[in-house]
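> 3D model of this:
(chains A and B)
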Amino acid sequence: MTSILILIPIALGMGLLGLVAFFWALRGGQFADLDGAAARILIDEDQPL
Amino acid sequence: MNAASARLAPAISRSVLAVPGMHCAGCMGKVERALVAVPGVASARANLTARTIAVDHTDAVEIPTLVAALAGAGFAAEPREDVLEPPSATRELLAPLAVAGFACMNVMLLSVSVWSGADGSTRDLFHWLSALIGAPAILYAGQPFFRSAWAALKRGRTNMDVPISIGVTLATGLSCYETLTGGKEAWFDGTLMLLLFLLAGRALDAMMRDRARAGVAALLRQAASGAMIIGADGQLRWTAAAALVPGMLMRVAAGERLAADGEIASGTGRFDQSLLTGESAPVPAGPGQRVLAGMLNLDAPVDVIVTAAGQGTALAEIAQAMEAAGQAKSAFVRIADRASRLYAPAVHTLAALSFAGWLIAGASFHQALVVGIAVLIITCPCALGLAVPVAQVVAAGALLKQGVMVKDGSAIERLAKVDRVLLDKTGTLTMGRPVPDAAVLDALSEEEASVALALASHSRHPLSQALALALAARDVRAATIEQVQETSGRGVSAMWRGLAVSLGRPAQSVGTSAALAIGAGPVRLIGFADRLRPDAKTALADLAGLGIQASILSGDNAAAVMVIARETGLTGQAAALPADKLDAIQRLQRAGKCVLMVGDGINDGPALAAADASIAPGSASDVGRQAADFVFTGDSLLALPRAVRASRRTMRVVRENFAAAILYNAFAVPLAMAGLVTPLMAAIAMATSSLIVVANSLRLTGAAR
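Model prediction:
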């Protein structure tokens, strides 16, 4: 029973952390351009040698 | 880009440019690199969804510099007008979705322990924890549904959100009561899962609308409209259409469109009014005659006194007719709402019946209430909520890949029912631009062709440009000509190997043509005609195969319509004014037909708005694109049968989804009414039925091929 008292707050805290991270990302505009994010991986930023 | 953003200058401002031509990773890279290379630009970030780019730059950098830099990279750009920015519903749904997801996962974690046999104080503790996470989360994440349900109830109607809200509220209330009294079963997990799935469906629906609207808005932004105004000091100044007022004198160059209605003050020219009436033959107009906004000046520059601008133009009147016609369409009831009209009363009756039945059978009030709420939860339209949006999103994505933009999910529903199609001629069935007669070009000698190309490439007249394009496509090399002179309204003349050569308006002509004269040799008459779109005949045959009868509805004169009618084998109505087109559609609708209108011009606007479904080519006027439900890019008319086929397949899948949801209910409801359903079973049933619906909808990925 005591282990539950420790483990549950940890589990909830971690979940809450994820939720906060999502809101932070949402506010930062990371969900503003989902198509662009998918395409960006293809941009070759490095200059050829 | 990182290096660029590091050298921050003191005063940074942000500008947003619309770049409609950006559609792949390569484009994004080019656009960003082109802008970062401009001195004073700190960073540039492209948004592919909205086709815009946000540029952080010092105040020393002006927007025209940025536009020029993009033009250098091959992209047309325009400062974004914020008025056109569509309000996005997605963002408001993402936060509730995230909260529902978070709460659902955590409550599920606790519920699993309860299901696997936690008892006594442990179960009570877990229920309390679930309530602490679940109740606030349900209140927050359920808001979109509560609001919509309340709005519907206030108007004395019901929609899908009413049973959802009632079910969610009752289930939460019961679960809180069970928690307080140390009861055996709480339903927080099921309620949250329900909200999670429903919100996912809503968010998908909203995302699809955003994407299509951003695409169409990007196209709209491409057309800058304004005019060169001759000021009191005689200087020419460019003025935006919105700033034009009656009494201003505007100079309309050859090849330019009028931005306002007016009266010609000086100069004579021929005007293409196909945008307004669909008539392809140019009409001459001289001093004192009225010209309308949207007309294209073909020949010489003319000065026009503005008589009406903005809302006062003939164009604006058409827009008003369009708005009125569009209101009829808003009466269309989406299939999901139709289903919910049947669904909501049925569900509530069943729940009330089980409640009453158990009471009569001698169960306690609490026990009867638990059964009634279990029925509500198990029948909550989880799969139903996903049935339509998921199918439509997948189909719209498939269509987008094939160059057809869908503006609204309900457009797919309406297009699927179409059994009659009316096609505009100019710009829809045809390319909407003059193309020289191929037979005449074949007959030209090599020298004649090369002289014609040289002359044509020296003029900006639309016919010259069309001729130059056609000759260049035939690998003709331009001859070397000297002393080139262009006389507006007459044509181009020059010297070639000591001979006087000219390309210009023929002395007498039938239809649209240009005369090529070389020295004293015979004059060659090159006829121009609007050409059918590629695949037009195949597309029409496909439509006929789908059981859709087609005919032409054009504002052009009878002779021009007849040529196309003969070529395509369709019947046609000619010389139709915008009001006539609207009338033709309403007549068919009264006869019980479901009409698809395909058109591009402003004159098609009211008809596009009134038809059950409408499609416009990407080359259409702003008004056409705005009024249409679908916009296809590219030249091929095959987009029409493709869109119809995809819509029909989508609706078939939607109906299958409904069938699956009903089948699920047929099994689950009797169990719930018998009082056999536990929260665990409800959770499993809900998740399974939703997954089945999503999997079935994913079959539409290839629907647009």
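
> Would you mind giving the secondary structure of the residue nearest to B:Met248 when sequence neighbours are not counted?
Nearest residue to B:Met248, sequence neighbours excluded (CB to CB, 6 or more residues apart in numbering or on different chains): B:Val306, at 4.6 Å. In short, each C-beta sits where N, CA and C put it, glycine included. What DSSP: H, G, I helix; E, B strand; the rest coil gives for B:Val306 is strand.

> how near is B:Val306 to A:Arg27?
Separation of B:Val306 from A:Arg27 (CB to CB, to the nearest Å) stands at 47 Å.

> State the distance from the residue nearest the centre of chain B to chain A.
Computing the C-alpha centroid of chain B and ranking residues by CA atoms, centre = their mean puts B:Lys407 first, at 3.6 Å. Between B:Lys407 and chain A the computed distance is 17 Å (CB to the nearest CB, to the nearest Å).

> isn't that residue right up against B:Phe632?
No - at 12.0 Å, B:Lys407 does not count as touching B:Phe632 under the criterion of CB atoms under 8 Å.

> List the buried residues in the top helix by length along chain A.
Assignment by DSSP state H gives helix A:2-27 as the longest helix of chain A. By neighbour count on 16 or more other CB atoms under 10 Å in any protein chain shown, the buried set for helix A:2-27 is A:Ile8, A:Ala11, A:Leu12, A:Gly15, A:Leu19, A:Phe22.

> leaving aside the residues next to it on the chain, what's closest to the fourth one?
Counting by CB to CB, 6+ apart, A:Gly15 lies nearest to B:Asn106, which is 5.0 Å off, once chain neighbours are set aside.

> quick check, the one you found in a strand?
No - using three-state DSSP, the assignment for B:Asn106 is helix, not a strand.

> quick one, what contacts it?
B:Asn106 sits next to A:Ala11, A:Leu12, A:Gly15, B:Ile133 when contact means CB atoms under 8 Å, 6 or more residues apart in numbering or on different chains.

> Measure how buried B:Thr58 is and give me the count.
A count of neighbours around B:Thr58, defined by other CB atoms under 10 Å in any protein chain shown, yields 15.

> for it, phi and psi?
Phi and psi for B:Thr58, reported as degrees, to the nearest 10, are phi -70, psi 160.

> From chain A, how far out is it?
22 Å.

> Near the residue of the stretch 401-550 of chain B found nearest chain A, how many other residues are there?
Using CB to the nearest CB, the closest approach of the stretch 401-550 of chain B to chain A is made by B:Lys401 at 12.0 Å. Neighbours of B:Lys401 under the rule other CB under 10 Å: 12.

> pLDDT score assigned to the closest residue to it other than its chain neighbours?
Distances taken as CB to CB, 6+ apart put B:Ala704 closest to B:Lys401, at 6.8 Å, once the chain neighbours are dropped. On the pLDDT scale, B:Ala704 is placed at 70.

> same deal with B:Thr172?
92.

> Kindly report the same for B:Arg341.
73.

> next SSE after the longest strand seen in chain B?
Ordering each strand of chain B by length in residues (DSSP state E) puts strand B:524-532 first. The element immediately downstream of strand B:524-532 (helix or strand, assigned by DSSP states H and E) is helix B:536-545.

> Buried residues in that next one, which are they?
B:Ala536, B:Ala539, B:Leu540, B:Asp542, B:Leu543.

> Counting by contacts, list what the least confident helix or strand in chain A by mean pLDDT packs against.
Lowest by mean pLDDT, DSSP states H and E among the helices and strands of chain A is helix A:34-40, with a mean of 80. Packing partners of helix A:34-40 (3 or more CB pairs under 8 Å, 6 or more residues apart in numbering or on different chains; DSSP states H and E): helix B:25-36.
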